[in-house]
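A.B. asks: Need coordinates for the following:
(2 chains)
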Amino acid sequence: MSDPGQGADPEKERRKIKSVQKMKEIMTNYYIEAKGAADTGKKVAWITSGGPVEPLIAMDVIPVYPENHGAMIGASKMGVELCEKAEEMGYPRELCSYARSDIGCSITGGGPIGGLPEPDFLICCNNICGTVMKWYEVASRYYDVPLFILDTPFTHREFPPAAKQYVIDQIYEYIEFLERQCGRKMDYDRMQEVGRLSVEGLRLWQAVLDSGAHKPAPMTAFDAFFHLALIVTLRGTQEAVDYYRQLRDEMQERIEQGIGMVPNEKYRLLWDNLPVWYRTKWLSEKFAAHDACLVGDTYTSAWSGVLPYIDENNFLESMSVAYSQVYINVSLDIMIDTLRRMIDKYDVDGLVMHSNRSCKPYSLGQYDLQRMVMEELKIPTLVLEADMVDERSFSESQIETRIDAFMEILKS
Amino acid sequence: MITAGIDVGSITAKAAVLDAANIVGTKIISTGYDAKKAGRSVLDQLLETLDMAAQDIQALVATGYGRNTVDFADKTITEITCHGAGAHFLNPDIRFIIDVGGQDSKVIRINEAGKVMDFAMNDKCAAGTGRFLEVMARALEADLDQFGDIFLKAENPAKISSVCTVFAESEVISLIAKGESRENIIAGIHESVAARISALAKRVGVAEPVMMTGGVAKNIGAVKALEDKLETSIRVSEFAQVNGAIGAALLAERLNR
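C.D. replies: Numbers count the residues shown, from 1 in each chain, chains lettered A, B, ... in the order given. This next block holds a predicted model:
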């Protein structure tokens, strides 16, 4: 795992990803800047994880991600307490735990960083789920700030011209909204440059993820969960480009030196859905104890997964179409195509699916995907029922038995 | 070669001793609060009745939710693999196992060699498990051993719609208050368990012939309700409850090969 441990076992030290420190530094500075925005006069916008952040960067607005914050809450094991706060207010336990823990944080000012900086306005893109629309409406009322909703139609097989025009029109409305909020015009040259940096960052991130195809894999999906933060929060900045170049180079070096993340990598697995944030270390050790390495995952691949749709020379318009095609805004037919490609690329022996109680669009259809993968690709699959932030939905002995039994199948 | 298997479940701990793939003896005791102690104790008790000593056991595998507490085992293997091996040993034709124990229910599809092809387990919830039946038997002041026989006498099973054990219990209580017959309520409870398990079974894909294992397999009502729901006949061996321990003992034999 990426956590710097105690002691100095040279083998362990060698396996550690060195860029982790830089990543922590960047994220710390990012949150310090965001939290200090009131003093610097910069605007803060809250934005959903799959939303088009590039126009915000071009307008010099600090994007803040309640979902990234939710992941931090989960990883800090503070989710239950904050979810319970939202439940006390009347939000049901069926509601997404990112939404619940974040709402809990808005009210208490608690959590790992003492709450997020208050937003000046909100940008909500529903390409990741329908929950975000209501969640952001609640935030809009609570903070009394304007909300822009970007509606991205679901793709069954094709994305028809009318749908394309619909999302393209909204991108220009989005920019007008930003111009009104910021009191100045968009600089389209700057926008083009941010678009270029975004594409470059996405390509580098994809190159980092692709390194998992090497045997042994220089990093695991658990590392990808950690290093993902910048492609979400700072996509379109030079900083993200520089960081991912450094990380890609480090992966390249590890490959050249034959350094694998799991000491005796024998079984290669693909992960589906969001991480179980409060159990990444436990799960990573559990799989490693079976000599199993999670070499890839559908979740961290979702951002760069839309690269084929982006035209650098027409970034704004192509981006709006691309963002409509993210992994969970598409049909099972398209998802199975993606899974098929990834299973092939990473040459995996099995698929592990996290049936995530919080994330309905991601988890709905997983049993159908499982059946397709098993029947068509003859790959064993495992479904683990849990939740990304709410630890009350995690049963250790049940999960342990399932993983052990799954590995027994792979080993037999 | 003499081998042993210990299956520490949530309600009972089971042990089996095999000699060159012949069942020498089996034993079932209550797990109690100390799973570690139960694992040791069930083997000691079995060895005593067989007039054997711990040194006579050449290899030992532990299974069940308490498998990791059996610190004297040569290896731990999950119940899923053990039930597959045990069922295949008891009847090599079996392709599908429904194991319903105290706190979980599992469905396991195996191939002609007894290898596990796929499995599913209930979510972390007592619905469709032995514990569910236990709670219901208590609410109805019925003897769990008679539960299945009472089911067979029912004329018109009551409908229990809740899947949650706690809500189902209050549903049962309100049925009692409405004057519904005990037989019909008990039949409804069995049908509710069968519905839950058959959904799990269909998820994995039922392959015939089917065997039921685990403590609940002793309940003829549960078996019958499942047979109706899955529209297939279900084999139940006299060793149903110790099937996991037998499978563990069989796999222990393979350790030294």
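
A.B. asks: show me the residues around B:Leu251 that make contact.
C.D. replies: Contact analysis of B:Leu251 by Cβ atoms under 8 Å, 6 or more residues apart in numbering or on different chains lists B:5, B:61, B:75, B:77, B:81-82, B:85. In this view, the C-beta of every residue, glycine as well, is placed from N, C-alpha and C.

A.B. asks: Can you name the helix or strand that it falls in?
C.D. replies: Assigned by DSSP states H and E, B:Leu251 belongs to helix B:243-255.

A.B. asks: Give me the spatial nearest neighbour of A:Leu332, chain neighbours excluded.
C.D. replies: A:Gly365 (4.8 Å; Cβ to Cβ, 6 or more residues apart in numbering or on different chains).

A.B. asks: Verify the stated contact: that neighbour with A:Ile334.
C.D. replies: No - applying Cβ atoms under 8 Å, one finds A:Gly365 not in contact with A:Ile334, separated by 11.2 Å.

A.B. asks: near chain A, which residues of chain B show up?
C.D. replies: B:65, B:76-81, B:104, B:115-121, B:123-124, B:203 (Cβ under 8 Å from any Cβ of the partner chain).

A.B. asks: Go ahead and build a ChimeraX selection from the buried members of the residues you listed.
C.D. replies: Applied in ChimeraX, the following selects the buried portion of the residues of chain B next to chain A according to 16 or more other Cβ atoms under 10 Å in any protein chain shown:
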select /B:65,76,77,78,79,80,81,104,116,117,118,119,120,121,123,124
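
A.B. asks: Restricted to helices, list the residues of chain B next to chain A.
C.D. replies: Per DSSP state H, helices hold the following members of the residues of chain B next to chain A: B:79-81, B:203.

A.B. asks: re the thing from before, flag every buried residue along the helix holding B:Leu251.
C.D. replies: B:243-253.

A.B. asks: Just put these in JSON lines and tack on pLDDT.
C.D. replies: Formatted as JSON lines, the buried residues of helix B:243-255 follow (pLDDT from 0 to 100):
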{"residue": "B:Asn243", "pLDDT": "97"}
{"residue": "B:Gly244", "pLDDT": "97"}
{"residue": "B:Ala245", "pLDDT": "98"}
{"residue": "B:Ile246", "pLDDT": "98"}
{"residue": "B:Gly247", "pLDDT": "97"}
{"residue": "B:Ala248", "pLDDT": "98"}
{"residue": "B:Ala249", "pLDDT": "97"}
{"residue": "B:Leu250", "pLDDT": "97"}
{"residue": "B:Leu251", "pLDDT": "97"}
{"residue": "B:Ala252", "pLDDT": "97"}
{"residue": "B:Glu253", "pLDDT": "93"}
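
A.B. asks: so which of those would you say is closest to A:Met219?
C.D. replies: Using Cβ to Cβ, B:Leu251 comes nearest to A:Met219 of the buried residues of helix B:243-255, at 34.9 Å.

A.B. asks: that older thread, and the ones in helices among the residues of chain B next to chain A, which two are furthest apart?
C.D. replies: Spanning the widest gap among these are B:Thr81 and B:Arg203, at 19.2 Å by Cβ to Cβ.

A.B. asks: For the helix or strand harbouring A:Ala162, enumerate the helices and strands it packs against.
C.D. replies: Under the criterion of DSSP H and E, A:Ala162 resides in helix A:161-182. With contacts taken as 3 or more Cβ pairs under 8 Å, 6 or more residues apart in numbering or on different chains; DSSP states H and E, helix A:161-182 sits against helix A:54-58, strand A:121-125, strand A:147-150, helix A:315-323.

A.B. asks: Sounds good, over and out.
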